[in-house]
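Q: structure for the following, please:
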Amino acid sequence: MSVETVKTHLAKYMAGQRIRFMPELTATVELAAAAIGVEPARIAKTLAIRLKGGGDAVILVMKGTARLDNAKFKARFGTKPIFIRKEECQALTGHPPGGVCPFGLPPDLPVYLDQSLREFDRLFPAAGSVDNFVDASPEELERWTGGEWVDVCV
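A: Have a look, this model is predicted:
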């Protein structure tokens, strides 16, 4: 159902037809970059993070080679990040591990876009499956997700 949710979400922006399926897995940055034929940094890595204390969760999208900076994250969100376990991923995001994307999410799950994404004119986030992606500009990611720009990566 995850891919259908993403298609429905992207259709609102006339972008549903931009989802591409691959014959190979695209579940990691390295696999996606090889399958698409781009440098790993252009993969828009999407993380599901719970804020410490078991509270709210957020979605963070960053360039594929970026690393989360715990100090910057804590300064922005007031707590350290706790990555969502694989077992919780589908229930929290509606997407399987390796297919988590910033589209078609539950409405109460906020999306944050790291400044590292702005280095590129085209990025390639997953589209709700471990074998697909969508081609998007940083501006389109912002529009399609309603995401807020943050600076939490190195």
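Q: tell me which residue lies nearest the centroid of the protein.
A: residue 46 (2.6 Å; CA atoms, centre = their mean).
Q: does that residue touch residue 101 like I think?
A: Yes: Residue 46 is within contact range of residue 101, at 5.4 Å (criterion: CB atoms under 8 Å). (C-beta placed from N, C-alpha, C; glycine too.)
Q: ok, longest helix in this protein?
A: helix 2-11 (DSSP state H).
Q: show me which residues of that one are buried.
A: 2-3, 5-7, 9-10 (16 or more other CB atoms under 10 Å).
Q: against residue 44, how distant is residue 13?
A: Using CB to CB, to the nearest Å, we find residue 13 at a distance of 16 Å from residue 44.
Q: compare the two (neighbour count), which wins?
A: Counted by other CB atoms under 10 Å, residue 13 and residue 44 do not tie: residue 44 has more neighbours, with 28 against 13.
Q: tell me how far the nearest residue to residue 19 once chain neighbours are set aside lies from residue 8.
A: Nearest residue to residue 19, sequence neighbours excluded (CB to CB, 6 or more residues apart in numbering): residue 127, at 4.5 Å. Going from residue 127 to residue 8 by CB to CB gives 12 Å.
Q: where do the contact lists of these two overlap?
A: Where contact means CB atoms under 8 Å, 6 or more residues apart in numbering, no residue is in contact with each of residue 127 and residue 8.
Q: can you give me the helices in the chain?
A: In the chain, the helices defined using DSSP H lie at 2-11, 29-36, 70-77, 86-93, 138-145.
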